[in-house]
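# Just a sequence and a predicted model for now, questions to come.
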Amino acid sequence: MKINIFILILLFSLSLSAQEVAKSRSGNFALTNATIETVTQGQIQGSLLIRKGKIVDLGENIAIPDDMEVIDCKGLSIYPGMIDGGTQVGLSEVGSIDLTQDANELGDITPHVKALTAVNPNSVIIPVTRTNGVTTVITSPTGGLFPGTAALINLHGYTPAQMYAGFEALVMNFPSARSRGRRDNRSEEDRKKDMDKALKKLNDLWDEAELYGKIAQAHLDGKAASPTFNPEMAALAAAVQGKIPLMIEVNESKDIELAIKWVTDKGLKAIFTGVAEGWRVADQLAAANIPVVTGPVLRTPNRDSDRYDRPYANAGLMAQAGVKVALRTNETENARNLPFNAGFAAAYGMGREAALRAVTINPAEIFGLSEQLGSLEKGKNATLFVCTGDPFEPATQIKYLFIDGYMVPLDSRQIRLYNEFLEREPGLKE
Amino acid sequence: MKKYISFLIYICLIGSMLAQVPTGDLLIKNGTVLTITQGDLQNTDVLIRDGKIAQIGKNLKTPEGVREVDATGMYVMPGIIDAHSHIGISATNESTSPVTAEVWVGDALDPYDIAIYRALAGGVTTSHVMHGSANAIGGQCETIKHRWGLMDPGQMRMEGAPRTIKFALGENPMRVHGIGNGVQPRTRMGVEALFRRAFAEAKAYDEAWQKYRTSQSGGSKTKAEFTPAPAYNIRLETLAGILRGKILIHCHSYRADEILMLMDVCKDFGVQKICFQHVNEGFKVAPELAAFGATASVFSDWWAYKFEVYYSTAYNATILAKNGVVTSINSDSPELNRHLYHEAAKTRRYGQLSENEALAMITLNPAIQLGIDKRVGSLEKGKEADIAIFSAHPLSIYAVPQMTIVDGIVRFDVKKDPSDMRVDINPEEAIPAFQESIGGSRQSHEACMEGVLEQLFLLGN
């Protein structure tokens, strides 16, 4: 019997060594004696129970069912998994190698292409990201006026469908009147003309999509012939009709004002992303009730004349004006730095509590998933992590991680390299 | 007599041009002083006289006329040193040849670069401003102090700092020269061959000069013994300076094999001082680096932006340090440069280094790598008064730099920080242009390759 167990352990360790990372497992877990940071209902000292992928109970003095695997979290804290509101995780593997790039399809207007199609569930970047407590990310197509559809994914699963977290949005890069940099010799007047042209193109396209939608609807109602197959128009028509929300990338303050006017005139529900100069027009954003996904926080100011800390302070200034703010890294391999981006926003005016909300419940609400994600509450998805303290502090260690109730091992290629090379064998050859 | 007076005036003018940079006096009172070399001192004062640390101790008396700074509840640390930066210069790459030892970024210093002020606002007082990584043997670099407000490029220099030169291995020189221009090197084999050729030529050049100098000092000569002076060649002269140990190599590198290669080349030519920059796979050959005495200046966590950094780990700094390699954390970016204290703090997550080990990676260790550790990099009596004051422990995410001091002069004060801190405000420029800002490794990892694409394009490639 003893030998059997020995063989089992040996087989298990052999199978481990053949994998990219250790295997996740599902189960019923009781996380006991923890400091539970619910985000929405304050801090609780107690236990949190996970069954069938959900948080089934949490509280100070709750009974622990016999069939649950108990994980003693004494001295540890539980947080909801952090949500990064904008990345290219899964779409891009090695930055400089074009054939590993799936975010930027050819063409200016490709609203019909979908990020979820090209998410690589086995990207080496995924385990590296989640081991810092980032469990859920928007992965987004880039480039052109309408680059495609972005998707919210959990950083766990073996198919894009398994990873899909329940939210998609059509991405738009709002036209810009700003200078394209030092080599941009256009006069201010010319830039305005170009902007007017770009807006006209956008509006014509929008009208066309609206018409396409009407024809398609009339066809469904049996009142018209089928419109010519046009997947671009079909994708845009869905956004015109409000069937899919828009994520509009816009950064310069004048552009933001024009974008506010554009969505207000059209009566559209939209989320603004980037919003680098949101602090200049924060009141207008708040008045228009447009939620914002901003970031990265860790970046340089947009104008040489700006205060050095504007990028750090931007999220907080918008939040204080009443804008609903979520954060993003706009990263791929270093989306793992989301908690540090939040920490800088916290330190430069936003405050820790608001910064925590900006990477948990705010994005969940903005993406319409506040019943499932973003806080530790009964009935929500068991997507959370256990750590030694404040997850924004670099010295904090993550101890356990759960995504949809799966206990995901804290393992990645970066950790494996550490284990292999810290004390290399052989060391120096004599 | 007139001649004599004008000569005097001339001497005075030269003297004022070479005048020492301004220095100041200051008493920083009652802070937690993180000395790096002598532990953390609570409720301690730091007295600065004439730009140098005069005394560190409790309840120091304020000398007459010396300004006091109250650091109660704050943390006082040595000014941060960035061993890899491209700020404060108007040109980065002379990418026209795989060997350009003759050029020097010190000829392109730009004291008006706002990035210098922003670095100060992150507690950084010294940057090693480097040539880019387009060439296997790039140009010479310059160690600058962030004396923001001075307009003479010469006054940015950290006078007396050792000369350094940029080398580069792997993809960048291969891409620019082999693939872009069709000249060697196109492979890592070619990179080694290029170093060996360059060093061999420099050695021959140096020997020719030695021979000439010996012949000159040999007293009276017959015509037959007369040795003509060799032709002066600034490229070979610089390379010979490396062989003589007068110029330190700072080498852009990623893969383990190429790191070993350059150490072998250096061994064969008797070169001892080398700092590997980036060195993402340094962790794989940490014992070899330690044995050679090479040092490492790394990113905290950049990876995957190109193939040679795909097999990286954020535990690199920890593995190197634990194997006895003097390791620093650098920026290579005007963005990371602003929060190197945070980059260093990541070694607490990835490998749980101690607070002092983490802080040494942005202070004393880069100072050692630049050969300026006798002057800066720790808070000790007699060292230069380059100091950063933080609202909380600098390794905490909530720490905000409050004041940054260079040579005893306050160059950044968070309380006196109006929106616009540019030195060269242009009245013609109605609205300063909005720029896509730098954030994340995907956006900014190409700082090393600044200007290369334009040059390739101009060359018709």
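Sure thing, it's come through.
# can you list the residues that contact stretch A:347-363?
A:37, A:39-40, A:79-85, A:291, A:293, A:309, A:312-313, A:315-317, A:319-320, A:324-327, A:338-339, A:342-343, A:345-346, A:370, A:373-375, A:390, A:392, B:397-400 (Cβ atoms under 8 Å, 6 or more residues apart in numbering or on different chains). The way it works is simple: take the backbone N, C-alpha and C, and place the C-beta from them, glycine included.
# Just the buried ones from these?
Among the contacts of stretch A:347-363, those buried by neighbour count (16 or more other Cβ atoms under 10 Å in any protein chain shown) are A:37, A:39, A:79-85, A:291, A:293, A:309, A:312-313, A:315-317, A:319-320, A:324-327, A:338-339, A:342-343, A:345-346, A:370, A:373-375, A:390, A:392, B:397-400.
# Out of these, which sit inside helices?
Among the buried ones among the contacts of stretch A:347-363, the ones falling in helices (DSSP state H) are A:Tyr312, A:Ala313, A:Ala315, A:Gly316, A:Leu317, A:Ala319, A:Gln320, A:Leu338, A:Pro339, A:Ala342, A:Gly343, A:Ala345.
# mind listing what the first one touches?
Counting by Cβ under 8 Å, 6+ apart, A:Tyr312 touches A:Val297, A:Leu298, A:Phe344, A:Ala345, A:Ala347, A:Tyr348, A:Gly349.
# one more time with 6 Å, if that's ok
Each residue near A:Tyr312 by Cβ atoms under 6 Å, 6 or more residues apart in numbering or on different chains is listed here: A:Val297, A:Phe344, A:Tyr348.
# same check, this time on the second one
Contacts for A:Ala313 (Cβ under 6 Å, 6+ apart) come out as A:Tyr348, A:Gly349.
# how near is it to chain B?
Distance, A:Ala313 to chain B, using Cβ to the nearest Cβ, to the nearest Å: 11 Å.
# got it, and the third one?
Going from A:Ala315 to chain B by Cβ to the nearest Cβ gives 13 Å.
# cool, and the fourth one?
A:Gly316 sits 13 Å away from chain B when distances are taken as Cβ to the nearest Cβ.
# and what of the fifth one?
A:Leu317 sits 13 Å away from chain B, going by Cβ to the nearest Cβ.
# and the end-to-end length of stretch A:126-138?
13 Å (Cα to Cα, to the nearest Å).
# Contacts for it, please.
Residues outside stretch A:126-138 that contact it (Cβ under 6 Å, 6+ apart) are A:21, A:81-87, A:89, A:150, A:152, A:154-155, A:165, A:335-336, A:338, A:383, A:385, A:391, A:398, A:403, A:410, A:412, A:414.
# Which residue comes closest to B:Arg244 once chain neighbours are left out?
B:Asp206 (7.2 Å; Cβ to Cβ, 6 or more residues apart in numbering or on different chains).
# so which helix or strand takes in that neighbour?
Using DSSP states H and E, B:Asp206 falls within helix B:188-217.
# returning to that earlier point: now the ones in helices among the buried ones among the contacts of stretch A:347-363 in a markdown table, with distance to A:Ile215 and pLDDT?
Converted to a markdown table, those look like this (distance: Cβ to Cβ, whole Å; pLDDT from 0 to 100):
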| residue | distance to A:Ile215 | pLDDT |
| --- | --- | --- |
| A:Tyr312 | 49 | 98 |
| A:Ala313 | 48 | 98 |
| A:Ala315 | 43 | 98 |
| A:Gly316 | 47 | 98 |
| A:Leu317 | 45 | 98 |
| A:Ala319 | 43 | 98 |
| A:Gln320 | 46 | 98 |
| A:Leu338 | 43 | 98 |
| A:Pro339 | 48 | 98 |
| A:Ala342 | 46 | 98 |
| A:Gly343 | 51 | 98 |
| A:Ala345 | 46 | 98 |
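# Including distance to B:Gly182, could these go into CSV?
Shown next, in CSV, are these (distance: Cβ to Cβ, whole Å):
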residue, distance to B:Gly182
A:Tyr312, 46
A:Ala313, 49
A:Ala315, 48
A:Gly316, 52
A:Leu317, 52
A:Ala319, 55
A:Gln320, 57
A:Leu338, 43
A:Pro339, 47
A:Ala342, 48
A:Gly343, 48
A:Ala345, 48
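# how about the nearest residue to A:Asp304, chain neighbours excluded?
Per Cβ to Cβ, 6+ apart, closest to A:Asp304 is B:Ile114, 4.8 Å.
# tally of neighbours for that neighbour?
Residues near B:Ile114, counting by other Cβ atoms under 10 Å in any protein chain shown, number 23.
# Let's see the pLDDT reported for it.
pLDDT, B:Ile114: 96.
# hang on, it packs against A:Asp306?
No - look at B:Ile114 against A:Asp306 with Cβ atoms under 6 Å: they stay out of range, at 9.2 Å.
# CA atoms only: put stretch A:420-430 into CSV for me.
The C-alpha coordinates for stretch A:420-430 follow below in CSV (Å, rounded to 0.1, in the frame of the first residue of the first chain):
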residue,chain,number,x,y,z
GLU,A,420,15.0,25.9,-11.5
PHE,A,421,17.7,28.6,-11.5
LEU,A,422,17.9,30.0,-8.0
GLU,A,423,20.4,27.3,-7.0
ARG,A,424,21.3,26.0,-10.4
GLU,A,425,22.6,22.4,-10.7
PRO,A,426,25.3,22.1,-11.8
GLY,A,427,26.5,25.5,-10.6
LEU,A,428,30.0,26.5,-11.6
LYS,A,429,31.8,23.6,-13.3
GLU,A,430,35.1,22.9,-11.5
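# and that stretch, anywhere near chain B?
Yes - under the criterion of Cβ under 6 Å from any Cβ of the partner chain, chain B is reached by stretch A:420-430 at A:Phe421, A:Leu422, A:Gly427, A:Leu428.
# ok, residues contacting the helix or strand hosting A:Thr32?
Using DSSP H and E, the element containing A:Thr32 is strand A:29-37. Outside of strand A:29-37, the residues within contact range by Cβ under 6 Å, 6+ apart are A:43-44, A:47-50, A:58, A:64, A:68-74, A:76-79, A:376.
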